[in-house]
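Visitor: Dropping the sequence and predicted coords here.
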Amino acid sequence: MATTSNLRARRNAAQLHAMVGVEREIKANDGSSSRKYLREFSLAFRSYEAVLSAESLERAVRGADTILIGDYHALPASQRFAAAALELRAQPGDRPVVLGVETIFARDQHIIDEWWRREIDENEFRRRIRFDLDWGYAWEPFYELLVTAREHSEAIYGLDCMPREDLRKIGARDRHAAHKIAEIRMRHPRAAIMVLFGESHLAPRHLPCQLGKALPDEKMLTVLQNVDALYWQAAGEKQERVEAVQVSDGVLCTFNSTPLEKYESYRLHLSRWGRGDEEGPDLTPTIYNLIDSLVRFLGINRYSAHNTTQPKFLVDLLPEVCGGHSDEPLAHLLEHKGADEEEIADILYRVNERGCAYLPQVNAFYVREFKMVYAAEEAARFLHHACRGLPRRGRGNEASDTCRVLEDALAYFGSRVLYPARSDENDAGRQRISDKQRGYDLGKALYDDYLRGKLSPAAMRRLFLAHIDDEARARALWVEVCGRNPEA
């Protein structure tokens with residue numbers, strides 16, 4: 001039976017490889033992590049008292065007067081969690097709900113009110129609050145939160161003030177926000193107040209302390225999201241997914257992302273800011289980091305000169321990373337390279353529904369929208385082809401049915417290794433292709449065996465390297481390594 005430490009090590013192994021590169025790049029471009037204010041946040045939340053169910057988290061949110069939700073600005077899942085929590089809290093017949101946000105300056109409250117009354121449209125609202133100039137993170141998930149609040153809450157308030165870039169003045173911003181929340185309480189005495197503020201502000205001595213002074217009788221709840229130390233600890237729990245944990249009295253943490261996804265999202269924002277909005281972020285380092293992390297996990301030598309127990313010069317096989325917004329040029333390219341109708345349909349489905357696809361016909365990684373779970377799956381798909389020597393470059397799909405099932409299984413396994421938080425909800429729509437369903441079920445079985453210690457990374461490397469060119473060979477290898485028939 002797997003111990004807590006073994007589970008933690010197996011679930012985290014590939015992510016920790018990936019974290020090294022992305023953290024190094026972030027530190028090179030953003031040295032603020034060493035500042036005292038940010039260190040106080042990271043040191044405040046190092047362990048938790050108990051695991052909570054989603055129902056327990058919901059009860060805690062519904063029982064609080066003011067809920068402070070920690071926001072990792074670069075991660076859309078943070079804002080979407082806040083929107084879901086607000087909608088869940090705003091039940092008919094219950095107390096009204098009010099939303100306060102750090103993203104908008106309090107000085108721009110009149111602009112929020114004009115948008116609330118539908119006197120201005122989304123584009124004018126975005127321009128006048130200087131969202132892209134003064135904030136610069138993704139607009140869509142934040143606007144989804146605002147629309148949810150306009151539909152389900154009593155009011156929206158901006159809470160922040162200048163200067164945002166000067167960490168020496170950050171304490172003054174906490175005091176200002178606490179004062180504004182106290183004003184909201186006076187205007188809305190019956191309301192539950194939900195506040196979305198940067199996670200570092202939610203250390204006990206920061207905004208919660210100031211708010212406690214301003215509203216001493218308030219029943220306050222702090223809801224953190226995806227705190228690194230708590231995530232790594234929770235990875236050792238027996239259950240497959242931990243929804244939330246009780247950190248201390250009045251402090252919870254919910255998990256809707258992984259540390260790797262958080263920091264890759266931030267790195268993409270740093271890239272976009274450095275390149276300018278017109279060009280968009282450079283996704284190549286992110287895709288290569290996922291591939292490299294899986295390579296390290298499997299113990300693959302990128303510089304091997306033979307293609308037997310190692311792929312031949314994997315370092316020279318890395319795919320081109322490209323993208324686009326139209327299906328027609330991509331379908332035409334695939335048809336020109338010999339892909340059949342079924343294969344083209346599958347790739348277009350992956351691009352449209354999942355945001356990306358690996359194209360073995362041209363050895364390219366096509367990204368329309370970055371979604372970590374699916375980028376991880378396609379990175380594993382590339383590695384499987386690269387380990388087989390990229391035999392299909394420039395040719396159509398000649399693989400057997402069993403080979404396709406095994407490819408999907410290894411792609412799913414790789415996605416779970418890189419993104420352990422993957423759940424069945426991420427796989428919506430996959431049932432349209434029965435073979436893909438079979439592959440994913442097999443991939444889940446492989447991952448479960450890996451967590452239990454029945455399969456080692458070295459054994460998985462054998463499967464990635466296998467040249468499964470026919471049904472009989474593919475099935476025989478699978479039985480040899482996994483002890484089960486791929487049809488089972």
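Guide: Thanks, I have it.

Visitor: now the end-to-end length of stretch 218-228.
Guide: Using C-alpha to C-alpha, to the nearest Å, one end of stretch 218-228 lies 29 Å from the other.

Visitor: can you give me how far it is from the chain middle?
Guide: 19 Å (C-alpha atoms, centre = their mean, to the nearest Å).

Visitor: Over to stretch 200-216?
Guide: Distance of stretch 200-216 from its chain centroid, counting by C-alpha atoms, centre = their mean, is 28 Å.

Visitor: got the contact list for that stretch?
Guide: Residues from elsewhere that reach stretch 200-216 (C-beta atoms under 8 Å, 6 or more residues apart in numbering): 37-38, 40-41, 44, 66, 68, 70, 102, 170-171, 173-175, 177-179, 181-182, 185, 197, 218, 220, 222, 224, 251. Backbone N, C-alpha and C define where each C-beta goes, glycine included.

Visitor: any low-confidence regions in the stretch 1-150 of the chain?
Guide: 1-2, 31 (pLDDT under 70).

Visitor: In it, what residue spans correspond to helices?
Guide: Along the stretch 1-150 of the chain, the segments classed as helices by DSSP state H, counting those that start in this stretch run 4-29, 36-44, 54-62, 76-89, 109-116, 122-128, 139-152.

Visitor: And the ones you listed: which comes nearest H384?
Guide: Closest approach to H384 among the helices of the stretch 1-150 of the chain (C-beta to C-beta): helix 4-29, 15.3 Å.

Visitor: same for the closest one, what does it pack against?
Guide: Other helices and strands packing on helix 4-29, by 3 or more C-beta pairs under 8 Å, 6 or more residues apart in numbering; DSSP states H and E, are helix 228-234, helix 259-275, helix 284-298, helix 401-418, helix 434-451.

Visitor: Name the residues of stretch 35-52 that come out as buried.
Guide: Using 16 or more other C-beta atoms under 10 Å as the test for burial, stretch 35-52 gives Y37, L38, F41, A44, F45, Y48, L52.

Visitor: wait, which of those is closest to H332?
Guide: Closest to H332 out of the buried residues of stretch 35-52 is L38 (49.1 Å), distances taken as C-beta to C-beta.

Visitor: Tell me the spacing between G443 and A409.
Guide: The gap separating G443 from A409 is 4 Å, by C-beta to C-beta, to the nearest Å.

Visitor: Looking at those two, which one has more neighbours?
Guide: Ranked by neighbour count (other C-beta atoms under 10 Å), G443 and A409 place A409 first, with 27 against 24.

Visitor: how near is that one to H206?
Guide: Taking C-beta to C-beta, one finds A409 at 47 Å from H206.

Visitor: from the buried residues of stretch 35-52, which is closest to S271?
Guide: L38 (21.5 Å).

Visitor: Can you give me the neighbour number for the closest residue to the closest one other than its chain neighbours?
Guide: Spatial nearest neighbour of L38, excluding adjacent residues (C-beta to C-beta, 6 or more residues apart in numbering): S200 at 5.2 Å. Residues near S200, counting by other C-beta under 10 Å, number 23.

Visitor: Provide the secondary structure category for S200.
Guide: helix (DSSP: H, G, I helix; E, B strand; the rest coil).

Visitor: quick one: stretch 42-53 to chain centroid distance?
Guide: Worked out by C-alpha atoms, centre = their mean, stretch 42-53 lies 20 Å from the chain centre.

Visitor: ignore the last one, stretch 24-43
Guide: Counting by C-alpha atoms, centre = their mean, stretch 24-43 comes out at 20 Å from the chain centroid.

Visitor: Quick one: end-to-end length of that stretch, please.
Guide: Length of stretch 24-43, first residue to last, C-alpha to C-alpha: 20 Å.

Visitor: contacting residues around that stretch?
Guide: Outside stretch 24-43, the residues touching it (C-beta under 8 Å, 6+ apart) are 167, 170-171, 199-200, 202-203, 205-206, 228-229, 263, 266-267, 270, 274, 285.

Visitor: Need the buried ones from the residues you listed selected in PyMOL.
Guide: A single PyMOL command suffices to select whichever of these are buried according to 16+ other C-beta under 10 Å:
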select buried, resi 170+199+200+202+203+206+229+263+266+267+270+285
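
Visitor: With mean pLDDT added, can I get the helices and strands packed on helix 4-29 in a markdown table?
Guide: Output for the helices and strands packed on helix 4-29, formatted as a markdown table (pLDDT from 0 to 100):
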| stretch | mean pLDDT |
| --- | --- |
| helix 228-234 | 96 |
| helix 259-275 | 88 |
| helix 284-298 | 94 |
| helix 401-418 | 90 |
| helix 434-451 | 86 |
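
Visitor: Go through those helices and name the closest to T3.
Guide: In terms of C-beta to C-beta, the element of those nearest to T3 is helix 434-451, at 11.3 Å.

Visitor: C-terminal to the closest one, what's the next element?
Guide: Per DSSP states H and E, the first helix or strand lying C-terminal to helix 434-451 is helix 457-465.

Visitor: buried sites along the helix or strand that that following helix is followed by?
Guide: Once the chain leaves helix 457-465, the next helix or strand it forms, by DSSP H and E, is helix 471-482. Neighbour-count burial for helix 471-482, counted by 16+ other C-beta under 10 Å, picks out A474, R475, L477, W478, C482.
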